[in-house]
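Asker: Predicted model and sequence follow; I will ask about them next.
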Amino acid sequence: MLSGMRPTGQLHLGNYHGALKNWVALQHGYESYFFVADWHALTTGYEDTSKLQDHVREMVIDWLAAGIDPAVSTVFVQSHVPEHAELHLLLSMVTPLGWLERVPTYKDQQEQLKEKDLATYGFLGYPLLQSADILVYRPEFVPVGEDQVAHVEITREVARRFNHLFGSEPDFKKKAEAAVRLLGPQAGVYAQLRRRFQESGDQTALLEARDIVRHAPGLPDADRRRLAGYIEGLSVSILPEPQVLLTHTPKVPGLDGRKMSKSYGNTIGLREDPDSVAKKLRTMQTDPARVRRTDVGDPDKCPVWDLHKVYTDEATRAPLAAGCRSAGIGCLDCKQPLIDRIVAETQAMHERAAPYVQDPARIDAILAEGAEKARVTARATMAEVRQVMNLAPAVKA
Ligand code: TRP
Ligand code: SF4
């Protein structure tokens, strides 16, 4: 599994509940790669790059504070692995311009970020850079939020086109059928799963069939790629199509009631210190109808309530909702249990971050090790890509 994030500096609770918390949970179930997409930051922020290094470090500290474990997951920076750029270049040769122009974020972002000149080659190509980020590791899953689904979709299309162009071979079908027989007792199950996928697009069948191929003992590599490709079509799977693992993202309001976002300046930092968190929450916007303590309120019109739903359980909330509607409690009474929860969370993050804040060399060491591990996988993919494209193999260093 692989996912990435642009380096925006210190993360806030919206980022945590939107993506990071999910990564932390997933890392124990999957072999995971998490990377900082620093080149992606340049696609919209090329004019001032002075903060880039700081932003990378701050964000990685937040990942570790949140519980990403570098002993379990591979954590690295995109620009440390030049294979992403090489694959991006090669994929650009076979990607129709129209595919990129039609990605919804292309026009949307140009309109939203009017103050920037985004009529650049790099900005148009950024979904393809993302495709290269993904495909160079050949992951099964890419956990992302709704806003990134279109990018994984184009990644699947690009992979399909690449495999079609460079994974064809004479007599593919005959060779694939011969490889099926090498599966021995699993051959029948494979054939059945393949049929199920081809007839009805059944994704579970696809994953199960891939699993059989991945774990079949003693299969030559070339046959493994043939069988992986044969599940879906009639070419060798050089770059398998990844699946979206859609992340559920709860509504996390900022202090002014709008969506929590750095650009609105309404955030609570992931490892902000307790006093500051408590102070911010005490003055956070509530139901505007509750001006005085004696005014009744409506939790459904209150941004604090949306935070409650992220942090507290039904049993805690029920009496508070009643107290709000009857003006039996004040907003500070309502906020206190929330403050306690959030402070406990940010405090724990603050403590886990401390050793890295004190000794930034530890971050550099984690990222260096992560890049080295990532490159082993990325180099293997590129060796195969170069081979099928008839490019010269890499020169031994
Ligand atoms: N485009 C993503 C974002 O803006 C970040 C990203 C870059 C990414 N490459 C990726 C996410 C590969 C998942 C997989 O948030
Ligand atoms: Fe919001 Fe709670 Fe105040 Fe009601 S009592 S307005 S839910 S903060």
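Answerer: Happy to help now that I have it. Not measured: the values here are computed from a predicted model. Ligands and ions are numbered 1, 2, ... in the order given.

Asker: use CA for all of it now, contacts and neighbours both
Answerer: Will do.

Asker: List the buried residues of the worst-scoring helix or strand of the chain on mean pLDDT.
Answerer: When the helices and strands of the chain are compared on mean pLDDT, DSSP states H and E, helix 104-112 comes out lowest with a mean of 80. Across helix 104-112, burial judged by 16 or more other C-alpha atoms under 10 Å covers 105-106, 110.

Asker: Give the other helices and strands that it contacts.
Answerer: If you count contacts as 3 or more C-alpha pairs under 8 Å, 6 or more residues apart in numbering; DSSP states H and E, helix 104-112 packs onto no helix or strand.

Asker: Next secondary structure element downstream of it?
Answerer: helix 121-124 (DSSP states H and E).

Asker: Just after that following helix, pick out the following helix or strand.
Answerer: Going down the chain from helix 121-124, the next helix or strand is helix 126-135, by DSSP H and E.

Asker: Distance from that following helix to the middle of the chain?
Answerer: 12 Å (C-alpha atoms, centre = their mean, to the nearest Å).

Asker: again, but for stretch 259-277
Answerer: 21 Å.

Asker: quick one: terminal-to-terminal distance for that stretch?
Answerer: In stretch 259-277, first residue to last residue: 17 Å (C-alpha to C-alpha, to the nearest Å).

Asker: before we move on, what about stretch 250-267?
Answerer: Stretch 250-267 has its terminal residues 15 Å apart, counting by C-alpha to C-alpha.

Asker: Is that stretch positioned near ligand 2?
Answerer: No: using C-alpha under 6 Å from any ligand atom, we find that stretch 250-267 stays clear of ligand 2, coming within 11.0 Å at best.

Asker: What are the buried residues along that stretch?
Answerer: By 16+ other C-alpha under 10 Å, the buried positions in stretch 250-267 come out as 251-257, 259-262, 266-267.

Asker: quick one: contacts for the residue lying farthest from the centre of the chain?
Answerer: The outermost residue of the chain relative to its centre, with distances by C-alpha atoms, centre = their mean, is Thr294 at 45.7 Å. Each residue near Thr294 by C-alpha atoms under 8 Å, 6 or more residues apart in numbering is listed here: Ala327.

Asker: how close does it get to Pro319?
Answerer: Thr294 is 17 Å from Pro319, where distance means C-alpha to C-alpha.

Asker: go on, Trp99?
Answerer: Using C-alpha to C-alpha, Trp99 is found at 53 Å from Pro319.

Asker: quick one: contacts of the helix or strand containing Gln192?
Answerer: Here Gln192 sits within helix 187-200, counting by DSSP H and E. Residues from elsewhere that reach helix 187-200, judged by C-alpha under 8 Å, 6+ apart: 180-181, 202-203, 205-206, 208-209, 212, 230-232.

Asker: What of stretch 315-322?
Answerer: By C-alpha under 8 Å, 6+ apart, stretch 315-322 touches 298-299, 308, 328-329, 334.

Asker: Good, wrapping up.
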